[in-house]
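**Student:** Predicted coordinates and the sequence they were generated for:
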Amino acid sequence: MSGTNPEGNPSDTPPQPHEQHKPKPAVIYVRQSTAEQVRNNIGSTEAQRALSELPRKWGWPASHIIVIEDDLAMSGTSSTHRAGFRSLLDMIDRDRVGIVLVREMSRLSRDPYDSELFLRKAQRHGVLIEVNGRVHDPEAKDASELFGLRIHSLLGWWENQERTNRFQGARKATVLTHKRAVSRPPIGYVKAGRGVWMKDPDPHVREAVRRVFDLYLQLRSAAKVALYMLAHGLLFPRRIYAEVRWRPLAVMGVVEVIDNPNYTEDYCYRRHRVRCDDTGKRTYERRPRTEWYIVPSHHEAYITAEEYETIQRLLHQRGSGKDKGPPQGRGHALCQGLVVCDVCGNRMLTAYNGAPQRDGRRTARYSCVRKDGFGVKLHQAHCSALLLDGYVVREALATLTQPTVDLAISSIRQHKATADSARAAQEHQLRQANAEVAHLLRRVESVDPSHQRVKVAIEASLEAAIERRDLLRSQFEKCEAPPLPLLSDADARELLELTADIDGLWHAATTTNEDRKALLATMIDRLVIHSSTKEFVDVTIEWQGGARDTRRLLRPKGTQRLVAECYKAGDQIEEIQRKIRVAEAVTLQGRGISRKIVVSHLRTLGRMPPGETAR
């Protein structure tokens, strides 16, 4: 329904019955997409604000006219971060809006989901909508009222998508064809021309950037780097236009620096993609490196490619997501980061207690404590690192026997042979496709120009052959993977010799705790603690290959209870020892339960059999 009179003056009162709307506020929604538009397109902003004159002329008192301009410099592609738009929807839900005035529908949103959500709420609460001099009544039975607004919303979305696609296409061509950067340089670089970067001429800025990488490679923790810099008063630069400001660097700031591949000599573009869920919330996820646009040797590097790969590996190890590896740390708790609580599904923390012993070790345990909002414990689980580590190490080393290594070497060679065979078949198909294209090209060139129908038929066959060749080439490039390291006979013999004394390698002075943890993380996916009491711990080893081993580990009190039960059943010490071996109970140091320990338990219980002595 039109809101203009016969003379076409939109300032006159619209013909809709609006007496029911006047007691409710009239809301003018103002939005500009970027800060640059707010600074430069002053006329557009003022024209949107001038819409407040219309409800005043239509009879709304000034106190009932609200201008929402919280979303200046906010994109309309999503409502996630637009507080003004969410405030408008909330006012409509509370039946506090009589009419909404906007310059055009794209000011409300360029996302069809958000536009439809607004229209449905307006229809449900009987809110008039004024768009570009025309008042619409969503409650009217005329379907054209909402149809026109929906078309306008879709056109705004389509225009925005087309503009975005053209813009991204131009940027892609600039990167791939002209080998120039199309994004802002990170701190530490400045522009030296169109799409050209150079290191910041300020030596203090260059030193601060490189310091972050050096500290992380040394401390191996973004939090430790941030704390170290804060404790030593080390600031990090921030460039705001031409001005450099120095501020403390937070943990996420450290991650942003060390995770940026543009600090190598290569320029990397299109590293992230945007995902929207059903509510319109936008999230950013990292693309695989194969989808990046990369310009090699684009600028002078702060770090080498090897240093960047090392940093990525450390970040991957310290991550907490499902696709991340466990944090290894440097302590003596070998299963750190692998232990998971079965009750809540979270990784158990590693805690060290007491002063270091003579060998420098401290008592470690894995623990999980969960509390509610009032501080009341919901559940807790603890496990001695000595007990769990001993069991896991014994199981891991037992799998690294010579037959297992022989099987692994055979599997590697068989897998490589299969991959080579498949790759040879792909290469053969691609050569045949290239030959077919070349043959058809020669036929097109040799055909008589007067035989147009023949020429058209051959050209159609040529086009189909080119499509097949391009498809095979695309599949060949996608399936292309870095070749497996060639395992020569000498390498295999050396590997077999090394694994012949795997226990000696494990306990060698040259083997560090980090080496041991890395080996366990390579073999084990996670360790699940199902229950933990003062007497036992139920644990499952989930190996990387998918196999599982579940075991009940007896704590000292559990072993003592088993000894007491055996004694009560009338068993002698030798029979007690046999049952303990069946239960696979060991000491905290991983050694078997000796006769001396059994006698000690019996003495503690006051149940020493007559005539028995500890031999």
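**Tutor:** Yep, it's here. Numbers count the residues shown, from 1 in each chain.
**Student:** Strands of the stretch 201-350 of the chain, residue ranges please.
**Tutor:** 236-240, 243-247, 267-269, 272-276, 282-286, 293-295, 339-341, 349-353 (DSSP state E, counting those that start in this stretch).
**Student:** Please identify the buried residues of the first one?
**Tutor:** What that stands for is strand 236-240. 236-237, 239 (16 or more other C-beta atoms under 10 Å). (C-beta placed from N, C-alpha, C; glycine too.)
**Student:** And for stretch 36-49?
**Tutor:** For stretch 36-49, by 16+ other C-beta under 10 Å, it's 38, 45, 48.
**Student:** With stretch 454-468 instead?
**Tutor:** 458, 462, 465.
**Student:** What mean pLDDT does the one helix or strand residue 395 maps to get?
**Tutor:** Taking DSSP states H and E as the criterion, residue 395 maps to helix 385-399. Averaging pLDDT along helix 385-399 gives 84.
**Student:** Using TSV, lay out the strands of the stretch 201-350 of the chain together with distance to residue 439 and mean pLDDT.
**Tutor:** Formatted as TSV, the strands of the stretch 201-350 of the chain follow (distance: least, C-beta to C-beta, whole Å; pLDDT from 0 to 100):
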stretch	distance to residue 439	mean pLDDT
strand 236-240	58	87
strand 243-247	63	88
strand 267-269	39	92
strand 272-276	41	76
strand 282-286	44	74
strand 293-295	35	90
strand 339-341	60	89
strand 349-353	67	83
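**Student:** Local confidence estimate at the closest residue to residue 102 other than its chain neighbours?
**Tutor:** Ranked by C-beta to C-beta, 6 or more residues apart in numbering and with sequence neighbours excluded, the top spatial neighbour of residue 102 is residue 29, at 5.1 Å. Listed pLDDT for residue 29 reads 91.
**Student:** Look at residue 29 and give its secondary structure.
**Tutor:** strand (DSSP: H, G, I helix; E, B strand; the rest coil).
**Student:** Am I right that it is in contact with residue 84?
**Tutor:** Yes: between residue 29 and residue 84 there is a contact at 6.9 Å, judged by C-beta atoms under 8 Å.
**Student:** what's the following helix or strand after the least confident helix or strand in the chain by mean pLDDT?
**Tutor:** Ranking every helix and strand in the chain by mean pLDDT, DSSP states H and E puts helix 489-499 at the bottom, with a mean of 61. Sequence-wise, the next helix or strand downstream of helix 489-499 (DSSP H and E) is helix 502-506.
**Student:** Quick check: mean pLDDT of the helix or strand that that next one is followed by?
**Tutor:** Downstream of helix 502-506, the first helix or strand assigned by DSSP H and E is helix 513-523. The average pLDDT within helix 513-523 is 84.
**Student:** ok, now stretch 61-74?
**Tutor:** Here stretch 61-74 scores 85 as its mean pLDDT.
**Student:** distance between the ends of that stretch?
**Tutor:** 29 Å (C-alpha to C-alpha, to the nearest Å).
**Student:** what do you get for stretch 194-202?
**Tutor:** OK, stretch 194-202 end separation, C-alpha to C-alpha: 21 Å.
**Student:** try stretch 294-306
**Tutor:** So stretch 294-306: terminal residues 17 Å apart, C-alpha to C-alpha.
**Student:** from the chain's centre, how far out does that stretch sit?
**Tutor:** Relative to the centre of its chain, stretch 294-306 is centred 24 Å away, using C-alpha atoms, centre = their mean, to the nearest Å.
**Student:** list the buried ones in it?
**Tutor:** Those would be 295, 298-299, 301-303, for stretch 294-306 by 16+ other C-beta under 10 Å.
**Student:** returning to that earlier point: more neighbours: residue 29 and residue 84, which one.
**Tutor:** Between residue 29 and residue 84, counted using other C-beta atoms under 10 Å, the more crowded position is residue 29 (23 against 19).
**Student:** contacting residues around that one?
**Tutor:** 48, 68, 71, 84-85, 88, 100-102, 107-108 (C-beta atoms under 8 Å, 6 or more residues apart in numbering).
**Student:** So which of the residues you listed are in helices?
**Tutor:** Mapping the contacts of residue 29 onto helices (DSSP state H) picks out 48, 84-85, 88, 107-108.
**Student:** so where do the strands sit in the stretch 51-200 of the chain?
**Tutor:** Under DSSP E, counting those that start in this stretch, the stretch 51-200 of the chain gives strands at 65-72, 99-102, 128-131, 134-136, 189-193, 196-199.
**Student:** what packs against the fourth one?
**Tutor:** Same thing as strand 134-136. Contact partners of strand 134-136 among helices and strands, from 3 or more C-beta pairs under 8 Å, 6 or more residues apart in numbering; DSSP states H and E: strand 128-131, helix 144-176.
**Student:** change it to 10 Å
**Tutor:** Helices and strands touching strand 134-136, by 3 or more C-beta pairs under 10 Å, 6 or more residues apart in numbering; DSSP states H and E, are strand 99-102, strand 128-131, helix 144-176.
**Student:** which of the residues in it are buried?
**Tutor:** 135-136.
**Student:** And for the closest residue to residue 126 other than its chain neighbours, the neighbour number?
**Tutor:** Residue nearest to residue 126 in three dimensions, not counting chain neighbours: residue 139, with 5.0 Å by C-beta to C-beta, 6+ apart. Residues near residue 139, counting by other C-beta under 10 Å, number 15.
**Student:** Could you tell me what pLDDT the model assigned to residue 183?
**Tutor:** Reported pLDDT for residue 183: 89.
**Student:** Hmm, it is touching residue 175, no?
**Tutor:** Yes: under the criterion of C-beta atoms under 10 Å, residue 183 makes contact with residue 175 at 9.3 Å.
**Student:** Reformat the ones in helices among the contacts of residue 29 into a markdown table and put distance to residue 345 and pLDDT next to each item.
**Tutor:** Shown next, in a markdown table, are those (distance: C-beta to C-beta, whole Å; pLDDT from 0 to 100):
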| residue | distance to residue 345 | pLDDT |
| --- | --- | --- |
| 48 | 50 | 86 |
| 84 | 39 | 86 |
| 85 | 36 | 88 |
| 88 | 40 | 89 |
| 107 | 45 | 84 |
| 108 | 41 | 84 |
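**Student:** Verify the contact between residue 64 and residue 55 for me.
**Tutor:** Yes: using C-beta under 10 Å, residue 64 is in contact with residue 55, at 7.8 Å.
**Student:** So for those two, which sits in the more crowded spot?
**Tutor:** Higher neighbour count among residue 64 and residue 55: residue 55, with 26 against 16, using other C-beta under 10 Å.
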